[in-house]
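A.B. asks: fold the following for me, if possible:
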Amino acid sequence: MNSAEQQRLQEADNGVAWRRWGPYLSERQWGTVREDPGRGDNTWDEFPHDQASYRAYRWGEDGLAGISDDKQLLCLAVALWNERDPILKERLFGLTNSQGNHGEDVKECYYYLDATPTHSYLKMLYKYPQREFPYADLVATNGARGKTDPEYELIDTGIFDEGRYFDVFVEYAKVSPEDILMQVTVHNRGPDEARLHVLPTLWFRHTWSWAGGGEQPMLRAYTGGPGGSAIRAERSELGVRWFYAEQQVPVFVTGNETNNERVFRSPNDSPYVKDGIDRAVVHGETAAVNPDGTGTKAALDFVLTIPAGGSDRIRMRLTDMQSENPFDGFDELMGVRRGEADEFYDGIFAGDLSADERMVGRQAMAGMVWSKQYYGLDMERYLTEHGADPLMPQPWLRNHDWQHFIAEDIISMPDKWEYPWFAAWDLAFHTVAFSVIDMSFAKQQLALLLDHRYLHPNGMLPAYEWNFSDVNPPVHAWATWFVYQIDQARTGKGDRAFLEDSFQKLLRNFGWWLNRKDADDRNIFQGGFLGLDNIGVFDRSAPLPGGGRIDQADGTAWMALYSENMLQMAVELSRENPVYTEQALALLENWAWIAAATNHVGPDETGLWDQQDGFFYDVLRRPDGSSIPLKVRSIVGLMPLVAATVVSGTVRTDYPELVDKAVSFATRHPAVVAALPEQGRQAEQTSGPLLFAMFNEERLRRILSRMLDENEFLGPHGIRAISRYHADHPYVLNLEGQDYTVHYLPAESDTGMFGGNSNWRGPVWMPINVMLIRGLLNLYVYYGDRFTVECPTGSGQQKNLYQVAEELSERLIGTFRRDADGRRPVNGGQPILQNDPHWRDLVLFYEYYHGDNGAGIGASHQTGWSGTVGVLPLLFRGSMFRGGRGRIPAPRAGEAEAQMPMGVAR
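C.D. replies: Numbers count the residues shown, from 1 in each chain. Below you'll find the predicted structure:
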């Protein structure tokens, strides 16, 4: 029987607007690319945090624990003031890329605790200090630290000592799609009574002047009546909304307008500007707000006096209906929605999971849902406003050749703070996690980047806002096929319309890769940094010292995987439409050329595979024709494991035309067949599954012996990005008289390469581990129980590849789960995080994790791709997918992963 939330999802898919209102409000819009009014040379300094209180945004809005409609026309969030801070706490604070010793970093403590996919129930916690927020200390101390020093975090300042902070819980519950309850509960964790201003704030995104001169909407305050205070909001696109408070409190109204006098030293267009409420509450400037109670930004001022260890709450309601008794049934409905959220996630996390694992998974999914954001950008308008001719834009202007790009969508973001913009390969991983709780949204997100408004006319996917033309790994087809099969496993029927639409558009992107990233037409690919920032000896997206190019082992593996995924789609589609058989053959040939090129060694005896080391390496091709293997043991050399796909042997009988043409190709190209990993032996077999891989069994064993060695890649919390071997044996390359060094760095980066924000030289990265697990499961389908390896290497313990994949999964899950001592490795060495009852069960999902101890590193709320940890226990110990634990049979052609959507049929 469907849960209430599942019924709402079905209603939403049939046109009921349950998803119209959601947590779409960013927690940081300042310092972003879209708000940069200049040439883009120093985006962060063009719109700093200091200006966010009094300068209107152009493309979006931000707030604390906020929601909005799906076009972000009307926004609702919470502002706070502890009567000590110099400004209202209206949005999150953090360091920009130039301020932090390791790049951008949010300096706040907040947690996403719960969320249903229709946003029928949302819960978030913000920890607000009772002492003055240490803005200056955070900037100065981090600025004085070097690359080898850790980040200086808010907890490190001592601001939470003695429990002198407020726990501010914000909850939303939908009565109906247009009727939303809001409750703020504040706990005083300190030893003394403390006062707190809680200001629920309602405002319109500014669209009425710079953005085409549209109509100006209106907010109007109502106080002094028999009930509580209220705000009436009217905008033609939304109609009328009422925001009710359960008691009479002051209502401050101003305009969401830039304070020109303060920013630009020019006259204000209105006396009531964006920082009017801040000036009235914090500085007592009553004239800064409109005495008529009208404007475009309004706040209710609740002043709470909370005893030591006590709590208080306030209740509000945002609705499309005027009501005489807006709080009748409030508590009952809030309780019902909480219970329905429990029911929904009890169904998701059913199976052999501990209570702690269920809690971690639920917080992971909550972070996924809370990280949906409205993203608006019209590139032609953006170029025009920056003084460029959209038909002949200046090349110095960022994204100048993406004039077609138009976005006004809800997108799953990597992070609500650091990344108020999408990233292509992040989004692909997000959809895998979302498919477990909201399949329709997962498909919609995959379709979005393939839409004509996003996909470049030349077939390129936009990478990320900083540079649409940069290159992320091509994982969109991998995610599309993965999501299709999860859907097929859950429902018993694949969404062929979704698959066919995606396939046709992905063909354009596949062609772009073939034509743009194979410099010599040798089926060896370059691609640049490919999302792995500083993993290489050089910045792989920058001109190389002395010239030349890099043949990339990972770039080539990504393209082999792309070919395999597209082949699987074509075979599946050809079941009902024989036209796709020809495309399947072409993709099969593409894969063969790539796999053969990977294993081919030219006259200089240098290829991607190093027979002596038993590993894949990038190769530096010099202008004089010489070649240098870049012998860094990194996940670059493990990516061929990801590009392993199995198709059932029944393809021989189900698709005779495809088989006949494949045999003809093999006959006409004996050199290609000779260079394939199995030297064409599979083509000669008359039964059994077929393996598409870039290695044979002997090479696979050699790669795995390194990957599963705890002194190399296998860490206690997953596969490290670079082998620990390089801790004592740094790789050094002397080129043009200069040494270039790579050594094992388990935590933060010590180089500014590619921005310096991320480190791929030792930490554990969740999405790469997930892809490796899937690759191992694919290989298990082919090799079965007969193939075992030592795991860990040297332990004497033999495991088949299913068991190896399960071992990796358990290590990843163990990063977040309490260990035997009650500690969560992800929380690192902070005693308050490990021991305090108000902190220890709050879980953050980081960008990456310490290679030796699992502590969270990098962006602290990058739930997007780390949220996939919520899926892992379901695959091995959950009950949401059909079938049980046991021997995995060979899959049918075109259904290779239909039963168990990590890559195999169970």
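A.B. asks: how about low-confidence regions in the stretch 551-700 of the chain?
C.D. replies: Counting by pLDDT under 70, the stretch 551-700 of the chain contains low-confidence ranges at 601-603, 679-686.
A.B. asks: can you map out the strands along it?
C.D. replies: All strands of the stretch 551-700 of the chain, identified by DSSP state E, counting those that start in this stretch, fall at 609-610, 615-616, 618-621, 627-630, 645-647, 690-692.
A.B. asks: flag every buried residue along stretch 136-149.
C.D. replies: Neighbour counts over stretch 136-149 (16 or more other CB atoms under 10 Å) mark 137-139, 141-142 as buried. (Glycine included, C-beta is placed from N, CA and C.)
A.B. asks: tell me the contacts of the spatially closest residue to residue 338 that is not a sequence neighbour?
C.D. replies: Counting by CB to CB, 6 or more residues apart in numbering, residue 121 is the residue found nearest to residue 338 once chain neighbours are left out, at 6.2 Å. By CB atoms under 8 Å, 6 or more residues apart in numbering, residue 121 lies in contact with 114-115, 171-174, 337-338, 340-341.
A.B. asks: redo that, cut-off 6 Å
C.D. replies: Counting by CB atoms under 6 Å, 6 or more residues apart in numbering, residue 121 makes contact with 173, 337, 341.
A.B. asks: quick one on the thing from earlier: in helices, which of the buried residues of stretch 136-149 fall?
C.D. replies: When these are checked against helices (DSSP state H), the matches are 137-139, 141-142.
A.B. asks: which of those residues lies closest to residue 720?
C.D. replies: Using CB to CB, residue 142 comes nearest to residue 720 of these, at 26.4 Å.
A.B. asks: so who does residue 75 touch?
C.D. replies: By CB under 6 Å, 6+ apart, the contact list for residue 75 reads 25, 61, 68, 203.
A.B. asks: next structured bit after the helix or strand hosting it?
C.D. replies: Applying DSSP states H and E as the criterion places residue 75 in strand 74-81. Sequence order places strand 94-95 as the next helix or strand after strand 74-81, per DSSP H and E.
A.B. asks: outside of that next one, which residues touch it?
C.D. replies: 105-107, 142.
A.B. asks: sheet partners, orientation included, of it?
C.D. replies: strand 105-106 (antiparallel) (DSSP bridges).
A.B. asks: what mean pLDDT does the strand holding residue 75 have?
C.D. replies: On average, the pLDDT along strand 74-81 is 98.
A.B. asks: what are the buried residues along it?
C.D. replies: So for strand 74-81, counting by 16+ other CB under 10 Å, buried means 74-81.
A.B. asks: what's the offset of that strand from the middle of its chain?
C.D. replies: Centroid separation between strand 74-81 and its chain, computed with CA atoms, centre = their mean, to the nearest Å, is 25 Å.
A.B. asks: what does stretch 585-593 give?
C.D. replies: Relative to its parent chain, stretch 585-593 has a centroid offset of 31 Å by CA atoms, centre = their mean.
A.B. asks: tell me which residues in stretch 157-166 are buried?
C.D. replies: Within stretch 157-166, the residues scored as buried using 16+ other CB under 10 Å are 157, 159-160, 163-166.
A.B. asks: ah, wrong one, I meant stretch 311-328
C.D. replies: The neighbour-count check on stretch 311-328 (16+ other CB under 10 Å) flags 312, 314-319, 326-327 as buried.
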